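> Need the 3D shape of this:
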Amino acid sequence: MYINQYINCYMVRVGIIGCGKIAQVRHIPEYVDNPDAQIVALYDTNAARAAGLAGALHAKAYATLDELLADPGIDAVSVCVANNAHCEVTVKALEAGKHVLCEKPMATTIEECETMVKCAERCGRILMIGQNQRLARAHVKARELIAGGAIGKVITFRTTFGHSGPENWSVDPGRNTWFFDRSKAAFGVMADLGIHKTDLIQYLIGQNVIASTSRLLTLDKTDANGNPISLDDNSFCIYEMSGGATGTMTASWTYYGEEDNSTVIYGTEGIMRIYDVAGHSIVINHAEGGKTMMDLEAIQTNDNQTKSGIIDAFVDCLVRDVEPLIPAKGVLAAMRAVFASIKSSEEGRRIVIPENNL
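Presented below is the predicted three-dimensional model:
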């Protein structure tokens, strides 16, 4: 289906584009852990950072992005740059014949997202997006249970993702982080954490967001000068879904305590709590009484970065030459919902997304 002219059955040769925190805590260690992958190239605008990592990995640090992409010995790349460069870098990589794993959010406009999808199709290359919430074991199991009718028809839901903010986590910590710079990030918590839970709720219940009524606010975060950042640090969304369910999605950079990455789904025959009850990854409260509790795995947090599965899934689809688990085209509906939510907040009205109606 895809043209894997460089990939043999033993090793996928990978380039890392952008060597910040997400590359260092997820992409690089997960590629190193995968027996079918080898990191052979790195590029970052911070040349010293790329060189230091390259030395440790016995890989090559490239002086420019174009030089890396021109190397025929590189099969695939991870795009881990700032949001505003996702589309440009991804398109360049695809046109250079590389398969691409791009970090979320996919891009900064829906037009850019669609351009990326069309480019991958035109170039005959795989483009996968790092929506790793789909791969958490409890989420995979919850989707299976919901589809099997474990809580009946889904009526409503609440899904939340909140932590203390990127200034406490990024590779250059502090209030000068690029996450607070509109020219690089384009948008705030809605596209950092909100895209995860928007994509996830669609995945879990098998329904797309077809309308959003949202408020995106800056409640607490300040820049290095003590002024409120120009991006949202809290997002509150009411989502109407294609199958009739309606619920809420909350994303926050101001949870100054334990990280919250929970989802609760209310159905006609019970309530499912996912990563919401301490000690149990899934708890089902049955309408007729009784509980079912499942202990699958703890959710990842910024303080507990376990293996996400996203790199293994990307490498596996390249080795086996099959459709990726999270193809870029399958993320368009979630990105439309994000952009609709931003528009809803800006215009103070409900925004309908007809393209998402299944």
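
> going forward, measure contacts between C-alpha atoms and count neighbours the same way
OK.

> Could you confirm Ala120 falls within a strand?
No. The assignment for Ala120, made by DSSP: H, G, I helix; E, B strand; the rest coil, is helix rather than a strand.

> Distance of it relative to Arg13?
Remark: distance between Ala120 and Arg13 (C-alpha to C-alpha, to the nearest Å) = 19 Å.

> who's more crowded, the two?
Between Ala120 and Arg13, Ala120 has the larger neighbour count (other C-alpha atoms under 10 Å), namely 24 against 21.

> For that one, give me its contacts.
91, 94, 126-127 (C-alpha atoms under 8 Å, 6 or more residues apart in numbering).

> Lys98 too?
When contacts are counted by C-alpha under 8 Å, 6+ apart, Lys98 touches 69, 74-77, 125.

> How much space separates it from Glu111?
Lys98 is 22 Å from Glu111, by C-alpha to C-alpha.

> what about the closest residue in space to Arg350 that isn't next to it in sequence, how many neighbours?
Nearest non-adjacent residue to Arg350, counting by C-alpha to C-alpha, 6 or more residues apart in numbering: Thr213, 4.5 Å away. If you count neighbours by other C-alpha under 10 Å, Thr213 ends up with 21.

> can you check Thr222 too?
17.

> Does it touch Ile229 like I think?
Yes. Thr222 is within contact range of Ile229, at 5.0 Å (criterion: C-alpha atoms under 8 Å).

> C-terminal to the worst-scoring helix or strand of the chain on mean pLDDT, what's the next element?
For the chain, using mean pLDDT, DSSP states H and E, the weakest element among its helices and strands is helix 182-185, scoring a mean of 91. Toward the C-terminus, helix 182-185 is succeeded by helix 189 as the next helix or strand (DSSP states H and E).

> And the contacts of that following helix?
Helix 189 is touched from outside by 231-235, 251-253, with contacts defined as C-alpha under 8 Å, 6+ apart.

> and the two most separated of these?
Leu231 and Ala251 (13.0 Å; C-alpha to C-alpha).

> More neighbours: the two, which one.
Ala251 (31 against 21).

> For the more buried one, which residues are in contact?
Counted by C-alpha under 8 Å, 6+ apart, Ala251 has contacts 160-162, 189-190, 193-194, 234-236.

> Can you list which of those are found in strands?
Of the contacts of Ala251, the ones assigned to strands by DSSP state E are 160-162, 234-236.

> and of those residues, the nearest to Ile326?
Closest to Ile326 out of these is Phe161 (20.2 Å), distances taken as C-alpha to C-alpha.

> pretty sure that closest one is touching Asn261, no?
Yes. Between Phe161 and Asn261 a contact is recorded at 4.4 Å, counting by C-alpha under 8 Å.

> Please list the outside residues in contact with the longest helix anywhere in the chain.
Secondary structure of the chain per DSSP state H: the longest helix is helix 332-347. Applying C-alpha under 8 Å, 6+ apart, the external contacts of helix 332-347 come out as 105-106, 109-110, 113-114, 190-191, 194-195, 198-199, 202, 208-216, 237, 350-353, 355-356.

> Would you list the buried entries among those residues?
105-106, 109-110, 113-114, 190-191, 194-195, 198-199, 202, 208-216, 237, 350-353, 356 (16 or more other C-alpha atoms under 10 Å).

> So which of these sit within strands?
209-216, 237, 351-352.

> which pair in these spans the largest distance?
Ile210 and Leu216 (18.5 Å).

> Quick check: neighbours shared by Phe161 and Asn261?
Counting by C-alpha under 8 Å, 6+ apart, nothing touches both Phe161 and Asn261.

> what mean pLDDT does stretch 154-169 have?
The average pLDDT within stretch 154-169 is 94.

> cool, stretch 211-224 as well?
For stretch 211-224, the mean per-residue pLDDT is 96.

> before we move on, the earlier item: switch the contacts of Ala120 over to TSV; also include secondary structure and distance to Leu296.
Below are the contacts of Ala120 laid out as TSV (DSSP: H, G, I helix; E, B strand; the rest coil; distance: C-alpha to C-alpha, whole Å):
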residue	secondary structure	distance to Leu296
Val91	helix	38
Leu94	helix	37
Ile126	coil	30
Leu127	strand	29
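
> Quick check: of those residues, which lies closest to Gly149?
Among the contacts of Ala120, and counting by C-alpha to C-alpha, the member closest to Gly149 is Leu127, at 32.6 Å.

> ok so, going back, which one of the ones in strands among the buried ones among the contacts of helix 332-347 is nearest Val25?
Leu216 (28.8 Å).

> Once you drop chain neighbours, what's closest to that closest one?
Ranked by C-alpha to C-alpha, 6+ apart and with sequence neighbours excluded, the top spatial neighbour of Leu216 is Ser235, at 4.4 Å.

> quick one: low-confidence parts of this protein?
For the chain, the stretches with pLDDT under 70 are 1-10, 298-306, 358.

> residue nearest the centroid of this structure?
Nearest residue to the geometric centre of the chain (C-alpha atoms, centre = their mean): Gln131, 3.2 Å.

> residues contacting it?
Shown in contact with Gln131 (C-alpha under 8 Å, 6+ apart): 103-104, 196, 199, 310, 326.

> What separation do you get for His86 and Ala93?
Computed with C-alpha to C-alpha, the distance linking His86 and Ala93 is 11 Å.

> Between these two, which is the more surrounded one?
Remark: of His86 and Ala93, Ala93 carries more neighbours, 25 against 22, as counted by other C-alpha under 10 Å.
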